[in-house]
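>>> I would like the atomic coordinates for the input below:
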Amino acid sequence: MLTEVELHKAWVTRYLLNQAQPHEQVITPPANLTPINSTVPTIDSLRTILADGFREVNKKLDDLATDVKKLQANNVTINKKLDDLGADAEELRAHSVMTSDKLDRLTADGVVTTKKLDESPDVQKLQDEVGTLKTTINTVTTDIITLNQGVHDNGVSLTGLDRKVTDLPQTEGFKQAISASIRENETILDIRGIVNGHTQTLHDLDQASTDTSEELTRLQRGLARVDRVQCQLFNATRANNESWLEISNEDGVLPSEQDLVVVQSRDHLSRLNSRGIAELLGFYGCIPSDFHPADTPAVRKTNFVRQSQNWSPEVQLVHLGTLSNIFTLPITSFSSSLPPPN
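Prediction:
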């Protein structure tokens, strides 16, 4: 409440304002008030008093906000340890939310109070606003005390829980569970050893199967090479117009199986065009080594066939001779019959 001195200063200020406006009603001082001193306060001094009062209130609010922020920071750390406490932790978070809401309302009330201070010179009404603000501060303080009590209670609960966890390894049930786990791990290790032994056996069988497959492949190629040599010897004995046998490539595949031209005789061979010659040379793997490389053998073979349309008669004759050797000259590998660079 305002002191008698402040009431006197307020009356003097109102009196001076009325003197400056003679048409308004002049309020005479009450008979029971006596002048304090002969110095008349100014409006600036009155505002200074009010500003000092609210500055002190704002300072207390700032200190309170700082304390609340520190408390909220501590609350975050505590919440990490209270996640397993269920209902108590939920209640604690609810208190924290309520406190934050009230602090927000407190900030809003402070803004409204400051605005009213700028707009109204009514000291009594301003004093009422300050009283309301103090009531709100007291309410927030009570909530903070409740929050601290909740933190303390949950701390006690955590202490009890830590004690139970510490004593757990000494219980008989825990020791039995550990022993059972050790026996189970030993059984798992034994099973793993057996499985590893079977895995090694399977690996050895797989390696033996791979070796057998490679040996069969080599054997099949050897048989195909013998058959190819016999067919080449047969073709070499035939006259120009007598029929030939098909010659397989090194993988044992015949041209007819790849939808390629089947050379019937020496006369038929001499009538092949450049594309037919190039396709058969690619089939037998006899593309000249100086022909430009490609990303894959299939692409290189395609490029070789496409380039054959540009062969000169001399180059085509050389490639035809290479193809004739493949059909009639027994050789170990087709690569040895490659023609000179075109």
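
>>> okay, which residue is most central for the chain?
Centroid check for the chain by C-alpha atoms, centre = their mean gives residue 80 as the closest residue, at 25.0 Å.

>>> Now do the same for that residue: its pLDDT.
Turning to residue 80, the model gives it a pLDDT of 78.

>>> Following element in sequence after the helix or strand in which it is found, please.
Residue 80 belongs to helix 43-81 when assigned by DSSP states H and E. Per DSSP H and E, the first helix or strand lying C-terminal to helix 43-81 is helix 87-119.

>>> tilt between that following helix and helix 43-81?
Angle, helix 87-119 to helix 43-81, by axes from the mean of the first three to the mean of the last three C-alpha atoms, to 10 degrees: 170 degrees.

>>> i'd like the first residue to be 26 from this point on
Yes, from this point I'll number from 26; that puts the last item at helix 112-144.

>>> Give me the helices and strands touching helix 112-144, please.
Counting contacts by 3 or more C-beta pairs under 8 Å, 6 or more residues apart in numbering; DSSP states H and E, helix 112-144 packs against helix 68-106, helix 148-192. No exception for glycine: its C-beta is placed from N, CA and C like everyone else's.

>>> Can I get those in a markdown table including distance to residue 313?
Shown next, in a markdown table, are those (distance: least, C-beta to C-beta, whole Å):
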| stretch | distance to residue 313 |
| --- | --- |
| helix 68-106 | 76 |
| helix 148-192 | 81 |
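
>>> how about those, which one is nearest residue 288?
If you check each of those against residue 288 by C-beta to C-beta, helix 68-106 wins as the nearest, at 85.8 Å.

>>> tilt between that closest one and helix 148-192?
Using the same axes, to 10 degrees: helix 68-106 against helix 148-192 is 20 degrees.

>>> Helix 68-106 - contacts with which helices or strands?
By 3+ C-beta pairs under 8 Å, 6+ apart, helix 68-106 packs against helix 29-45, helix 112-144, helix 148-192.

>>> Look at residue 156 and say how many residues are nearby.
Using other C-beta atoms under 10 Å, the number of residues around residue 156 comes to 11.

>>> I'd like the distance between it and residue 150.
Residue 156 sits 11 Å away from residue 150, going by C-beta to C-beta, to the nearest Å.

>>> got the phi/psi numbers for residue 230?
In terms of degrees, to the nearest 10, the main-chain angles of residue 230 are phi -60, psi -40.

>>> Check residue 297 too.
In terms of degrees, to the nearest 10, the main-chain angles of residue 297 are phi -70, psi 140.

>>> show me the contacts for it.
Neighbour list for residue 297: 286, 288, 305, 345, 348 [criterion: C-beta atoms under 8 Å, 6 or more residues apart in numbering].

>>> Let's verify the second one: helix, strand, or coil?
Assigned by DSSP: H, G, I helix; E, B strand; the rest coil, the conformation of residue 288 is coil.

>>> pLDDT at it, what is it?
Looking at residue 288, its pLDDT is 96.

>>> Double-check it against residue 269; I have them as touching.
Yes. Using C-beta atoms under 8 Å, residue 288 and residue 269 qualify as a contacting pair, with a distance of 6.0 Å.

>>> out of the two, which sits in the busier spot?
Set side by side, residue 288 and residue 269 show more neighbours around residue 288, with 25 against 20, by other C-beta under 10 Å.

>>> Next, the contact list for that one, please.
Residues in contact with residue 288 (C-beta under 8 Å, 6+ apart) are 269, 271, 280, 294, 297, 305, 352.

>>> before we move on, the earlier item: tell me the angle of the helix holding residue 105 relative to helix 29-45?
Interaxial angle, helix 68-106 versus helix 29-45 (the same axes, to 10 degrees): 130 degrees.
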